[in-house]
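> Kindly return the folded structure for what I paste below:
(one chain, ligands or ions: 1)
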Amino acid sequence: MLAAPNAPPPELVAALRAARFVAVLTGAGVSAESGVPTFRDAQTGLWSKFDPRELATPSAFARNPKRVWDWYAMRRAMVGRAAPNPAHTALAELERRVPEFVLLTQNVDGLHQRAGSIRVVELHGNITQVRCSREGTRVAQWDDSDDAPPRCAACGAFLRPDVVWFEEMLPDDALEAAEDAATRCDVLLVVGTSAEVYPAAALPAIARRRGAQVVEINPDTTPLTAQADHVLHGPAGVVLPALVAAAWSGSGMATQRGYSGGAPFLPD
Ligand code: APR
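Sure, this is the predicted structure:
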């Protein structure tokens, strides 16, 4: 049977079908088609317009808590208006297909969970949550109307977004789960990340050393591209549904944007 020109490589499709444990590492690119901006894309990335040292560090928050709070409040509102795209949906579908699965995400937007993914490890926190900047206690409700960031009802310290800033450590349990997955998985899909921010950027090399196949899905090249076993160049919202459909064609995959059911297998 002929494969369509952009069909995923058959050996990758076979590896995915045979895998007992699939891990996925996602970055901002997986949410780009939901309208959530990435960080490092040249024209549209947040860090091309904003200085991360003024917005995403503990010292920035100490210097100007209102500016940092307002910037995250703006992004929280934007994420609230966004909806999962076919890339998120395909990953939720993939989780239902394989015996063991974990999705490690650097994203803070919660879109994977909203698409139906269950085993999600948030490496950089979640922008929809807020915690006390002193005690770390999560707070369910806060008042956004004041000038400054709202205060913790228990201790009076400022509340802050529940995300990991530059110069901060990742949560221990998230990092442990990520390293465990990289060590044990058979296939690691690396989707929509510039692979520049550590420790997440170290996970593909760990997986490769332990014998996993590493697959990069990204329209651009990254420092990982040369090391990956397979590189699928293209937007995640097109590539991922096609990959999952190719691996499980004929087993009831829903039709997604950009392809239909088993279509990638049919001769042109
Ligand atoms: N599909 C797949 N990948 C895409 C798409 C798309 N539709 N659009 C863009 N990309 C790719 C870009 O080519 C780029 O390689 O997504 C990547 C986004 O990279 P970054 O903006 O650097 O995002 P990320 O890798 O998640 O950044 C890591 O940096 O600032 C911190 O805490 C922030 O979690 C973030 C971390």
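> buried ones in stretch 211-227?
212-218, 222, 224 (16 or more other C-beta atoms under 10 Å). Quick note: C-beta positions are derived from backbone N, CA and C, even for glycine.
> and the stretch 151-268 of the chain, which residues reach the ligand?
With C-beta under 6 Å from any ligand atom as the criterion, the stretch 151-268 of the chain meets the ligand at residues 192-194, 196-197, 218-220, 222, 235-236.
> Please name the nearest non-neighbouring residue to Ala56.
The shortest distance from Ala56 to any non-neighbouring residue, by C-beta to C-beta, 6 or more residues apart in numbering, is to Trp165 (4.9 Å).
> one step back: so which of the residues of the stretch 151-268 of the chain next to the ligand is the closest to Trp71?
Using C-beta to C-beta, Val197 comes nearest to Trp71 of those, at 18.6 Å.
> Could you pull up the contacting residues of that closest one?
Contact analysis of Val197 by C-beta atoms under 8 Å, 6 or more residues apart in numbering lists Gln106.
> in this protein, which ranges drop under the pLDDT threshold?
Applying pLDDT under 70 to the chain flags the ranges 1-6, 250-268.
> so what secondary structure elements neighbour the longest strand along it?
For the chain, the strand with the greatest residue count under DSSP state E is strand 125-132. If contacts are counted by 3 or more C-beta pairs under 8 Å, 6 or more residues apart in numbering; DSSP states H and E, strand 125-132 sits against helix 65-81, strand 138-139, strand 159-163.
> Give the buried residues for it.
Using 16+ other C-beta under 10 Å as the test for burial, strand 125-132 gives 125-127, 129-132.
> Those: which ones sit near the ligand?
Among these, not one lies near the ligand by C-beta under 6 Å from any ligand atom.
> Name the nearest residue to Leu243, ignoring sequence neighbours.
Spatial nearest neighbour of Leu243, chain neighbours left out: Pro8 (4.8 Å); criterion: C-beta to C-beta, 6+ apart.
> contacting residues for that neighbour?
Pro8 makes contacts with 230, 232, 239, 242-243, 246, 264, as judged by C-beta under 8 Å, 6+ apart.
> possible to save those as JSON lines with secondary structure, neighbour count and distance to Asp41?
Below are the contacts of Pro8 laid out as JSON lines (DSSP: H, G, I helix; E, B strand; the rest coil; neighbours: other C-beta atoms under 10 Å; distance: C-beta to C-beta, whole Å):
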{"residue": "His230", "secondary structure": "strand", "neighbour count": "17", "distance to Asp41": "23"}
{"residue": "Leu232", "secondary structure": "strand", "neighbour count": "22", "distance to Asp41": "18"}
{"residue": "Val239", "secondary structure": "helix", "neighbour count": "26", "distance to Asp41": "17"}
{"residue": "Ala242", "secondary structure": "helix", "neighbour count": "22", "distance to Asp41": "22"}
{"residue": "Leu243", "secondary structure": "helix", "neighbour count": "25", "distance to Asp41": "23"}
{"residue": "Ala246", "secondary structure": "helix", "neighbour count": "25", "distance to Asp41": "27"}
{"residue": "Pro264", "secondary structure": "helix", "neighbour count": "20", "distance to Asp41": "27"}
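> And the strands in the stretch 101-250 of the chain, which stretches?
For the stretch 101-250 of the chain, the strands defined by DSSP state E, counting those that start in this stretch occupy 120-122, 125-132, 138-139, 159-163, 187-191, 213-217, 230-232.
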